[in-house]
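> I need the structure of the sequence given here:
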Amino acid sequence: MSSVLDVAPVIPVVVLDDPTKAVPLARALAAGGLPIVELTLRTPSALESVRRIAAEVPEVLVGAGTILSARQAQRAAAAGAQFLVSPGSTPALLAAMDDTGLPYLPGTSTVSEMLAVAEHGHTSMKFFPAEAAGGAPYLASLASPLPDLRFCPTGGITAASAGSYLRLPNVGCVGGSWLTPADAVAAGDWPRIAALAAEVALVAV
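Model prediction:
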């Protein structure tokens, strides 16, 4: 894997309250052709969900998102996370994620933040909150002045808008929650989630 950005056109971003749903969810995404998932550390069960996927679904690359502190980065790595994602970037947070040895997507939303992350040695980064921060037109305007930077825009992206991002030369993938609707996860409707994952290939066309 050259970059987290190159694994799949969409990284499913998931909030899980019940760790028993983690493994079947990951398997459903894999069955639909998406071998990657980002679990956000917003619930008490998030780290246990990471552990279960890492241990039982080796075909899926499991990441931990909404990394806000060094402690979260360390705990996610210890749980078996294979990549990290942060909503923003500070020197201390970048150093903490570096210390884990894991690949990560540091969050950026302004040109100055992007340049600061690039100075730290990273050319792959998250663009967040994508829609609120200017969307696809904003990223398109950066392709020429910042040709070495690539992004995973996340935040407010839908199945309908994903294609407008994926067609940009500086976008490797997008992050989205539409692939794992809360009602489908709650009901254990894994065939529906597998079908939504299978549709992702179409948004890149």
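> which residues does E56 contact?
Neighbour list for E56: V23 [criterion: C-beta atoms under 8 Å, 6 or more residues apart in numbering]. All C-beta spots, glycine's among them, are computed from the backbone N, C-alpha and C.
> quick one: the closest residue in space to V14 that isn't next to it in sequence and V60, what's the gap?
Distance criterion C-beta to C-beta, 6 or more residues apart in numbering; nearest residue to V14, sequence neighbours excluded, is T180 at 4.9 Å. Distance, T180 to V60, by C-beta to C-beta, to the nearest Å: 13 Å.
> Now do the shared contacts for the two.
L29.
> coming back round to it: quick one, what contacts the residue nearest to V14?
Applying C-beta under 8 Å, 6+ apart to T180 gives the contacts P12, V14, L25, L29, I193, L196.
> measure the fifth one to T123 for me?
By that I understand I193. For I193, the distance to T123 equals 32 Å [C-beta to C-beta].
> and what of the first one?
Here the criterion is C-beta to C-beta. By it, P12 lies 23 Å from T123.
> Look at the two and report which has more neighbours.
Counting neighbours by other C-beta atoms under 10 Å for P12 and for T123 shows that P12 has the greater number, 26 against 14.
> Could you verify that the more buried one is part of a helix?
No: with DSSP: H, G, I helix; E, B strand; the rest coil as the criterion, P12 is assigned strand and is not in a helix.
> What residues are bridge-paired with it?
Taking DSSP bridges as the rule, P12 bridges to G176.
> Would you reformat the contacts of T180 as a markdown table and include pLDDT and distance to L47?
What follows is the contacts of T180, written out as a markdown table (pLDDT from 0 to 100; distance: C-beta to C-beta, whole Å):
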| residue | pLDDT | distance to L47 |
| --- | --- | --- |
| P12 | 97 | 18 |
| V14 | 97 | 14 |
| L25 | 98 | 16 |
| L29 | 97 | 19 |
| I193 | 97 | 22 |
| L196 | 95 | 25 |
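> what's the closest of those to G134?
Closest approach between the contacts of T180 and G134, by C-beta to C-beta: P12, at 23.4 Å.
> could you pull out the strands for this structure?
Secondary structure of the chain by DSSP state E: the strands cover 10-14, 36-40, 61-65, 83-85, 104-105, 107-108, 124-127, 150-153, 174-176.
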